[in-house]
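Visitor: Got a sequence here, can you build the structure:
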Amino acid sequence: MKNLKKAVKKKLSLETSTSRTILELVDGRREELVFNQVRPTEFTVSDSNFSIKSGVNVEIEIENVDLEAASKTLWPGAQIRVRGGLNGQGAPIKAHATIPANKVIVDGVDAESFLYWVIETPEGNFHNKQPIHMKGHITGLPPKDATFNSQDVVPIFDANDQQVGTLYSCLQSN
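Guide: Predicted structure coming up:
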């Protein structure tokens, strides 16, 4: 069957979300950080691919992520900031949703995102080279009332590209 590509871009924002992740340093110290959104997450929905056989694949670019948490264990009282997208690693974060041919988005469809973060800590900025692969189920865009979970353990690195720890058990609730 023939694929049709429609070049449409729509800017949206997600006003609130909460996120959690476990940050474990190479020395074994770890903490579950609970993040609040500092400002709305802006994203662009564009270039959806339609196939009569498989449905619609909606491409999403997350332009910014800005989160903040108060450390209680690793750096008691310090604010830990996470930035992603244009204000983080400098490029939009990729995400997509797949709407099967026999469904519409309000029926609930699978979605994935591939997060790259810059984590600002008292020990310097950390970053991931491998994306934090998040999976969730959405019923609309923006993805309100949706929860996304990470799929892997992701190494994080300092400014000298030395591994300083890992991130895992990431959860985002909108």
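
Visitor: what's near enough to touch the residue positioned nearest the centre of the chain?
Guide: Closest residue to the average C-alpha location of the chain: Leu115 at 4.2 Å, with CA atoms, centre = their mean. Under the criterion of CB atoms under 8 Å, 6 or more residues apart in numbering, the neighbours of Leu115 are Ile62, Val65, Gly84, Ile93, Asn128, Pro131, Ile132, Met134, Cys170. In this view, the C-beta of every residue, glycine as well, is placed from N, C-alpha and C.

Visitor: Surely Gln163 is in contact with Phe157?
Guide: Yes: contact status for Gln163 versus Phe157: in contact at 5.5 Å, counting by CB atoms under 8 Å.

Visitor: Quick check: nearest residue in space to the residue nearest to the centre of the chain, chain neighbours excluded?
Guide: Ile132 (4.1 Å; CB to CB, 6 or more residues apart in numbering).

Visitor: so where's this structure shaky on pLDDT?
Guide: Along the chain, the model assigns pLDDT under 70 to residues 1-8, 47-53.

Visitor: Please enumerate the helices of it.
Guide: Assigned by DSSP state H, the chain shows no helices.

Visitor: Let me know how buried the residue nearest to Gln89 when sequence neighbours are not counted is, in neighbour terms.
Guide: Closest residue to Gln89 apart from its sequence neighbours, by CB to CB, 6+ apart: Tyr116 at 4.7 Å. Using other CB atoms under 10 Å, the number of residues around Tyr116 comes to 23.

Visitor: I'd like the distance between Tyr116 and Leu74.
Guide: 21 Å (CB to CB, to the nearest Å).

Visitor: Name the nearest residue to Gly84, ignoring sequence neighbours.
Guide: Val65 (3.5 Å).

Visitor: typo on my end, Asn149
Guide: That would be Leu171: by CB to CB, 6+ apart, it lies 5.7 Å from Asn149.

Visitor: Same check on Val38?
Guide: Val38 sits nearest to Asp66 (CB to CB, 6+ apart), 4.2 Å away.

Visitor: thought the one you found was touching Glu42?
Guide: No: when contacts are counted by CB under 8 Å, Asp66 is not listed as touching Glu42 (9.8 Å).

Visitor: which ones are touching the residue nearest to Leu115?
Guide: Contacts of Ile132 by CB under 8 Å, 6+ apart are Phe114, Leu115, Tyr116, Trp117, Ser150, Asp152, Val154, Leu167, Cys170.

Visitor: Show the contacting residues for the closest residue to the fifth one other than its chain neighbours.
Guide: Using CB to CB, 6+ apart and skipping the chain neighbours, the partner closest in space to Ser150 is Cys170 (3.5 Å). Neighbouring residues of Cys170 by CB under 8 Å, 6+ apart: Ser19, Arg20, Thr21, Leu115, Ile132, Met134, Phe148, Asn149, Ser150.
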